[in-house]
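In: Provided below for reference: sequence and predicted model.
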Amino acid sequence: MKFIKLLLITMTIFMMNSVYAIQYKFVAMDNSIYTKMCVLAGNNEQKALKTALRRHEHSPRSLANTTFCNGLIIANFAYKYQANMTYDYLKKYTHSRHVDKATKVSIQDVITRTTENKSTEEIILVYVGY
């Protein structure tokens, strides 16, 4: 009986954390390869990003240090939007002076994160490109 109660409490805690998930949707403003790489990085599509970097005429290291997405180096852009797989991949090619080392902590009250229509997921559009 105690096991079932513990299991229910654990499941409730995990569900509470996932209820208020923020989902980012990236919209390309142009058809350039750099914009496509930014969208792939933001969407956490590591395999497609690797393919795009390999097919480009410049090296992945060069692209990781010269590609800007909405004013940020592509690795920092991935980090900002919690695209951890692409961030980890790009970080190894990005020069240490470009990697954002500042720890960002924010504390929000869970009760204030409800939306007007009481939806469980908030979708934020991010426009990438020129």
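Out: Arrived safely. Residues are numbered from 1 along each chain as shown.
In: count of residues packed around Asn43?
Out: For Asn43, the count of nearby residues is 17 (other CB atoms under 10 Å). The C-beta positions use only the backbone N, C-alpha and C, and glycine is treated the same way.
In: now Ile74
Out: When neighbours are defined as other CB under 10 Å, Ile74 has 28 of them.
In: contacting residues around the closest residue to it other than its chain neighbours?
Out: Distance criterion CB to CB, 6 or more residues apart in numbering; nearest residue to Ile74, sequence neighbours excluded, is Thr67 at 4.5 Å. Counting by CB atoms under 8 Å, 6 or more residues apart in numbering, Thr67 touches Tyr34, Met37, Cys38, Ile73, Ile74.
In: for the second one, helix, strand, or coil?
Out: Classification of Met37 into helix, strand or coil gives helix, according to DSSP: H, G, I helix; E, B strand; the rest coil.
In: give me the spatial nearest neighbour of it, chain neighbours excluded.
Out: Ala52 (5.3 Å).
In: so which strand or helix has that neighbour?
Out: Element membership for Ala52, per DSSP states H and E: helix 46-55.
In: the helix or strand just after that helix: which residues count as buried?
Out: Sequence order places helix 60-66 as the next helix or strand after helix 46-55, per DSSP H and E. For helix 60-66, the neighbour count (16 or more other CB atoms under 10 Å) marks Pro60, Leu63, Ala64, Asn65 as buried.
In: what's the closest non-adjacent residue to the first one?
Out: If you skip the residues right next to it in sequence, Pro60 has Leu53 as its closest partner in space, 4.3 Å away by CB to CB, 6+ apart.
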